[in-house]
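[1] Here is my input; please provide its structure:
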Amino acid sequence: MATQIVILAAGQGKRMHSVIPKVLHTLAGKSLLEHVIDTALRVSDETAPIIINGHQGSKIVDALSHYKVRWIEQKEQLGTGHALLQALPAISDDSRVLVLYGDVPLISLQTLKTLISQTPNNAIGMLTAHLPNPTGYGRIKRNKQNHIVGVIEEKDATPDEQSITEINSGIYLVPAAYLKKWLPLLKNKNAQNEYYLTDIIALAEKEHISIHAVAPQYIEEILGVNDRLQLAQLERFYQKQQVENFMRLGVTFYDPARFDLRGVAEIGRDVTIDVNVILEGRVVIGDECEIGPNVILRNTEISARTKVRANSIIDGAEIASDCLIGPFARIRPGTVLTSHVHVGNFVEIKNSVIGDRSKINHLSYVGDSEIGKQVNIGAGTITCNYDGVNKYKTIIGDTAFIGSSTQLVAPVRIGEGATIGAGSTITEDAPSHQLTVARARQQTIKDWKRPIKKEE
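    The predicted model follows:
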């Protein structure tokens with residue numbers, strides 16, 4: 001039977017105390033709902049997932065318009081049973097419906113595949129778990145034969161029922177034909193005056209439909225986000241999983257609790273990562289690299305044995321092997337560093353290619369430039385690449401030496417082996433293998449006195 005996934009994402013999320021829809025709050029740099037959609041798309045590519053949206057639905061649709069999903073609006077938020085009812089016209093009778101939630105972001109592909117494979121086609125599958133503190137969750141009711149006979153929401157539960165530790169995750173696998181029969185029969189006679197999807201379990205038991213319970217690999221997979229505290233708890237669990245996976249592959253973290261992955265990463269063997277490192281987007285780090293403390297890497301590839309020192313930011317760059325970067329360096333999009341390049345403290349580079357073994361060690365800005373091999377850029381040098389409207393290119397030939405505090409006013413070309421005297425402002429091309437100096441002659445003004453502030 002085909003599997004149709006329906007993601008319920010219409011709730012208000014009042015406890016988040018936010019103008020942002022709850023399912024658009026982020027975990028590891030990606031919205032809660034995106035986590036669920038990405039997993040859903042890996043579970044089944046037979047039909048597009050259906051997402052039930054409601055509160056601030058237009059914001060959610062706009063934010064996730066790049067996904068190939070079907071959006072259905074729940075105009076009134078009358079409970080989970082009512083939400084799923086909205087999707088029934090779009091679901092074929094011969095399919096099974098997998099119900100997921102937009103605020104339960106860490107449900108895993110492995111757990112969902114287990115649920116699908118272990119649930120017979122004519123049965124109901126559900127994820128349950130035992131929690132030491134089940135507060136906030138519906139409880140699983142079983143008979144003397146240990147068969148599931150119902151689910152009771154916490155607000156409707158008696159003290160004895162509240163003592164049950166097996167909780168209902170709300171994630172179900174149900175034949176569509178059953179849902180089309182049962183959902184219109186649901187009543188809202190409960191503490192919240194809502195139509196509970198959980199009530200279908202009692203209806204199934206009355207009709208002697210087999211109900212199979214499957215446990216997730218980790219409890220955190222089925223935990224929902226209702227407030228920012230729960231969001232932070234799931235964030236740390238997610239990051240802990242990422243770190244453990246990398247450590248098993250040969251990566252050293254100086255403090256595994258102080259690392260964040262907000263995207264996807266490939267990290268080689270014998271890489272060392274210091275504290276408070278953040279990886280965003282897609283990041284590749286080659287073997288034997290050293291990443292210092294407080295470093296941010298975003299959409300960047302770094303080849304083997306490169307060292308990134310403390311407090312550096314590298315964004316949208318390609319870094320070759322054996323480079324040395326930082327501390328306090330900023331490498332911006334479009335930058336390519338070839339092998340053995342040194343970029344020192346308080347150096348900013350943007351949209352530039354830096355040749356092998358070139359050095360930019362101190363307090364410099366290089367933008368829209370092509371710099372050859374074994375070039376030395378002195379401290380305080382800047383490329384003046386922007387006239388307020390257009391940007392222009394600076395080209396520096398191999399083995400050139402740029403003296404400290406030089407301004408290179410683009411478009412300009414510095415020849416191979418050229419030397420630029422310190423403090424120069426270069427507005428015209430400088431020839432190869434010659435010294436070019438462009439600065440005012442030093443002079444001393446005799447008998448000059450500093451102004452004195454007048455007494456009022």
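[2] now D160: how far from S169?
    Counting by CB to CB, to the nearest Å, the gap from D160 to S169 is 22 Å. No exception for glycine: its C-beta is placed from N, CA and C like everyone else's.
[3] now stretch 364-383, how far from the chain's geometric center?
    Distance of stretch 364-383 from its chain centroid, counting by CA atoms, centre = their mean, to the nearest Å, is 33 Å.
[4] what is the mean pLDDT for that stretch?
    In this model, stretch 364-383 has a mean pLDDT of 98.
[5] Alpha carbons of that stretch, as PDB, please.
    C-alpha atoms of stretch 364-383 as PDB (Å, rounded to 0.1, in the frame of the first residue of the first chain):
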ATOM      1  CA  SER A 364      44.400  44.700   5.400                       C
ATOM      2  CA  TYR A 365      41.400  44.600   3.100                       C
ATOM      3  CA  VAL A 366      41.600  42.800  -0.200                       C
ATOM      4  CA  GLY A 367      38.500  42.900  -2.400                       C
ATOM      5  CA  ASP A 368      37.800  42.000  -6.100                       C
ATOM      6  CA  SER A 369      41.400  41.100  -6.700                       C
ATOM      7  CA  GLU A 370      43.700  38.600  -8.300                       C
ATOM      8  CA  ILE A 371      46.900  38.100  -6.400                       C
ATOM      9  CA  GLY A 372      49.700  36.000  -7.700                       C
ATOM     10  CA  LYS A 373      52.000  33.500  -6.100                       C
ATOM     11  CA  GLN A 374      54.500  34.500  -3.200                       C
ATOM     12  CA  VAL A 375      53.100  38.000  -2.900                       C
ATOM     13  CA  ASN A 376      53.600  39.900   0.300                       C
ATOM     14  CA  ILE A 377      50.900  42.400   1.300                       C
ATOM     15  CA  GLY A 378      52.100  44.700   4.000                       C
ATOM     16  CA  ALA A 379      50.100  45.800   7.100                       C
ATOM     17  CA  GLY A 380      47.400  48.300   6.600                       C
ATOM     18  CA  THR A 381      47.100  47.800   2.800                       C
ATOM     19  CA  ILE A 382      43.700  48.200   1.200                       C
ATOM     20  CA  THR A 383      42.300  47.700  -2.300                       C
END
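[6] Next, the contact list for R282, please.
    G263, V264, A265, N299 (CB atoms under 8 Å, 6 or more residues apart in numbering).
[7] Bridged to it, which residues?
    Assessed by DSSP bridges, R282 has beta-bridge partners V264.
[8] which residues of the stretch 1-150 of the chain fall in helices?
    For the stretch 1-150 of the chain, the helices defined by DSSP state H, counting those that start in this stretch occupy 32-43, 57-63, 80-85, 109-118.
[9] can I get the ones you listed in CSV with mean pLDDT?
    Below are these laid out as CSV (pLDDT from 0 to 100):
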stretch, mean pLDDT
helix 32-43, 97
helix 57-63, 95
helix 80-85, 96
helix 109-118, 97
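[10] which stretches of this structure have low pLDDT?
    Within the chain, the set of residues satisfying pLDDT under 70 is empty.
[11] Compute the first-to-last residue distance for stretch 103-112.
    Stretch 103-112 has its terminal residues 16 Å apart, counting by CA to CA, to the nearest Å.
[12] With stretch 101-119 instead?
    Terminal-residue distance, stretch 101-119 (CA to CA): 20 Å.
[13] Please compute how far it lies from its chain's middle.
    That offset, for stretch 101-119, works out to 21 Å (CA atoms, centre = their mean).
[14] if we can go back for a sec, I'd like to know which of the helices of the stretch 1-150 of the chain is closest to E153.
    Nearest of the helices of the stretch 1-150 of the chain to E153, taken as CB to CB: helix 80-85 at 10.2 Å.
[15] Just list what that closest one packs against, helices and strands only.
    If you count contacts as 3 or more CB pairs under 8 Å, 6 or more residues apart in numbering; DSSP states H and E, helix 80-85 packs onto strand 3-9.
[16] When D160 and S169 are compared, which one has more neighbours?
    S169 (27 against 8; other CB atoms under 10 Å).
[17] Can you say which helix or strand has that one in it?
    strand 166-175 (DSSP states H and E).
[18] Convert the C-alpha atoms of that strand to PDB, please.
    What follows is strand 166-175, C-alpha atoms only, in PDB (Å, rounded to 0.1, in the frame of the first residue of the first chain):
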ATOM      1  CA  GLU A 166       3.400   5.100  28.600                       C
ATOM      2  CA  ILE A 167       2.600   8.200  26.500                       C
ATOM      3  CA  ASN A 168       1.100   8.700  23.100                       C
ATOM      4  CA  SER A 169       3.300  10.500  20.600                       C
ATOM      5  CA  GLY A 170       0.500  11.300  18.300                       C
ATOM      6  CA  ILE A 171       2.300   9.700  15.300                       C
ATOM      7  CA  TYR A 172       0.100   7.200  13.700                       C
ATOM      8  CA  LEU A 173       0.000   4.900  10.600                       C
ATOM      9  CA  VAL A 174      -3.700   4.300   9.700                       C
ATOM     10  CA  PRO A 175      -5.400   2.900   6.600                       C
END
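[19] buried set for that strand?
    E166, I167, N168, S169, G170, I171, Y172, L173, V174, P175 (16 or more other CB atoms under 10 Å).
[20] Show me what whatever helix or strand comes next after that strand packs onto, helices and strands only.
    Remark: after strand 166-175, the chain's next helix or strand is helix 176-182, criterion DSSP H and E. Judged by 3+ CB pairs under 8 Å, 6+ apart, the packing partners of helix 176-182 are strand 96-101, helix 199-206.
[21] for the strand holding S169, the distance to its chain's centre please.
    That offset, for strand 166-175, works out to 28 Å (CA atoms, centre = their mean).
[22] now swap in stretch 326-343 and tell me
    23 Å.
[23] List the contacts of L186.
    G81, H82, Y195, Y196, L197, D199, I200.
[24] residue contacts, the third one?
    The one in question is Y195. Counting by CB under 8 Å, 6+ apart, the residues that Y195 touches are L78, G79, T80, G81, H82, L85, L183, L186, K187, N188.
[25] could you redo the last one with a cut-off of 7 Å?
    L78, G79, G81, H82, L186, N188 (CB atoms under 7 Å, 6 or more residues apart in numbering).
[26] Buried residues, the longest helix seen in the chain. List them.
    For the chain, the helix that runs over the most residues, judged by DSSP state H, is helix 228-248. Neighbour-count burial for helix 228-248 flags Q230, L231, L234, E235, F237, Y238, Q239, Q242, V243, F246 (criterion: 16+ other CB under 10 Å).
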